[in-house]
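*Asks:* For reference, the sequence and a predicted model appear below.
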Amino acid sequence: MVLAATIRSARELVAQARSRGLSVGLVPTMGCLHEGHLALVRRARAECGFVVVSIFVNPLQFGPREDLAAYPRDLRRDLGLCEGAGADLVFSPEPAEMYSPGFRTHVEVEGLGRLLCGVTRPGHFRGVATVVAKLFNIVQPDRAYFGQKDYQQTLVLRRMAADLSFGLEIVVVPTVRHEDGLAMSSRNAYLGADERAAATVLFETLQLARELIASGERDGRRLRARLQENVEAQALARVDYVAVADPETLEPAAALSGTVLVALAVFIGRTRLIDNALISVPG
Ligand code: PAF
């Protein structure tokens with residue numbers, strides 16, 4: 001496995017792989033890797049001849065009051081994990097390599113990026129779309145891999161890839177969970193012991209949504225209210241949003257049918273966690 005810190009060397013290494021006839025898979029990450037990321041790398045390994053993992057804590061997607069400086073970083077550990085999962089190249093640039101002085105161009109996926117997480121994190125998806133567009137241009141992968149935990153991100157990036165004709169396949173890999181259901185996330189590292197126990201409220205709320213739909217609930221507003229109550233019953237939890245939405249438009253779903261997206265963002269203490277489920281509505 002090779003480490004590249006510059007765009008130029010990453011491009012050269014990918015070009016060499018292409019000249020050997022290999023297909024290229026890209027797994028974009030912000031490091032602090034866990035089993036969720038490794039599932040993406042392994043899937044890329046199974047499907048592509050050359051696997052690139054990018055590790056870059058992207059300043060553009062953090063708001064002014066968010067945890068950019070404190071975001072956990074451990075490149076040495078991440079490199080070992082990437083190698084173990086079968087990566088061929090890790091691209092880990094410094095911010096100045098990605099955003100040279102005078103940087104002014106951004107990618108905005110209108111509408112989709114302003115709902116759900118976009119309400120309390122304005123500019124977040126613009127930052128994500130911009131950095132991922134750059135990574136797509138640098139690596140020019142055949143496939144790029146993202147986790148379903150960030151459902152809205154996958155929707156925004158699919159739209160971007162189609163709209164800007166990137167001509168690659170976006171592969172969405174199921175969320176990897178701890179035994180008690182908590183979705184793997186780098187931010188779980190911030191949770192104290194009580195908070196870690198309380199954090200299962202997200203998964204439990206998704207399970208409740210499944211149960212209520214299975215037992216006949218078809219009113220989106222009523223379902224949302226029940227789920228919100230369930231989160232609020234956990235003393236350490238504070239709701240950012242609870243959404244029962246159309247999985248394509250992210251607009252609130254009124255009468256439930258087809259497939260419905262239940263998505264949550266919840267503060268456990270000071271740590272904001274997200275999770276979601278796509279639920280098929282019977283009948
Ligand atoms: O999902 C993430 O970790 C980030 O949003 C991504 C896609 C690597 C872009 O910085």
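*Replies:* Thanks, I have it. Numbering: from 1, shown residues only.
*Asks:* ok, for the one residue in the stretch 51-200 of the chain that gets nearest to the ligand, nearest residue in space, not its chain neighbours?
*Replies:* The ligand sits closest to Asn58 of the stretch 51-200 of the chain, with a gap of 4.0 Å, by CB to the nearest ligand atom. Quick note: C-beta positions are derived from backbone N, CA and C, even for glycine. Sequence neighbours aside, Val131 is the residue nearest to Asn58 in space, at 4.3 Å (criterion: CB to CB, 6 or more residues apart in numbering).
*Asks:* check contacts around the one you found.
*Replies:* Contact partners of Val131, counting by CB atoms under 8 Å, 6 or more residues apart in numbering, are 28, 56, 58, 60-61, 98.
*Asks:* What of Val281?
*Replies:* Val281 sits next to 213, 218, 256-260 when contact means CB under 8 Å, 6+ apart.
*Asks:* Can you tell me which residues in the stretch 151-283 of the chain are near the ligand?
*Replies:* Listed as neighbours of the ligand in the stretch 151-283 of the chain under the rule CB under 6 Å from any ligand atom: Gln153.
*Asks:* residue ranges for the helices of the stretch 151-283 of the chain, please.
*Replies:* Assigned helices in the stretch 151-283 of the chain, in chain order: 151-163, 193-198, 201-214, 220-232 (criterion: DSSP state H, counting those that start in this stretch).
*Asks:* Give me whichever of those is most buried.
*Replies:* Of all the helices of the stretch 151-283 of the chain, helix 151-163 has the most neighbours on average by mean count of other CB atoms under 10 Å, namely a mean of 20.
*Asks:* Correct me if wrong: Arg11 contacts Ile138.
*Replies:* Yes. Between Arg11 and Ile138 there is a contact at 6.2 Å, judged by CB atoms under 8 Å.
*Asks:* which one of those two has more residues nearby?
*Replies:* It is Ile138, of Arg11 and Ile138, that has more neighbours when counted by other CB atoms under 10 Å, with 21 against 16.
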